[in-house]
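Asker: Mind folding the following:
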Amino acid sequence: MKKKLILFLLLPLLAGSLFAVSLSELKIVADDGTFLGTFENKYATNSVYNEYGTYGSKYSSNSIFNKYGNYGSDYSQYSPFNKYSHNAPYLMDRNGNYYGCLSVNRYAQGVTDFSYKLALQLKALRDSM
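Answerer: Numbers count the residues shown, from 1 in each chain. Purely as a prediction, here's the structure:
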């Protein structure tokens, strides 16, 4: 629980210093076009921080926190947590502006230093669930 709280508090601070847009304004979109959630607060319906919602639950098929799903597995080509994937999700704002590929594969095309570090933090959060 303590790890989750620390990660939850650090993510907005990290994003705020790198982008003109805040982390809470970004969404995750899979390479196949599937919407995978936002970074709003833990009560927002579409937030990855809402552990009871579609995008934050470790049981949901459209959650990056489902270790066995297409979007959260360490082995799926669409997961940000597959260290060999080149089809990881990407970060976008509501206007369609691109903010990097969300992947633990730092060498994949489109991965920025920020999106790589964010993916590592989200993986740590997933593994603590």
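
Asker: what's the closest non-adjacent residue to G56?
Answerer: Counting by C-beta to C-beta, 6 or more residues apart in numbering, N50 is the residue found nearest to G56 once chain neighbours are left out, at 4.2 Å. C-beta: built from backbone N, CA, C; applies to glycine.

Asker: now swap in Y75 and tell me
Answerer: Excluding the flanking residues, the one nearest Y75 by C-beta to C-beta, 6+ apart is N82, at 6.0 Å.

Asker: correct me, but that neighbour touches N70?
Answerer: No: counting by C-beta atoms under 8 Å, N70 is not a contact partner of N82; they are 10.5 Å apart.

Asker: just to revisit the earlier point, next one: the residue nearest to Y75, what pLDDT does it get?
Answerer: In the predicted model, N82 carries a pLDDT score of 97.

Asker: Could you report the separation of it from Y49?
Answerer: Here the criterion is C-beta to C-beta, to the nearest Å. By it, N82 lies 22 Å from Y49.

Asker: List phi and psi for the residue lying closest to F35 once chain neighbours are set aside.
Answerer: Once its chain neighbours are removed from consideration, F35 has its nearest residue in V29; the separation is 6.0 Å (C-beta to C-beta, 6+ apart). Dihedral pair for V29: phi -130, psi 130, per degrees, to the nearest 10.
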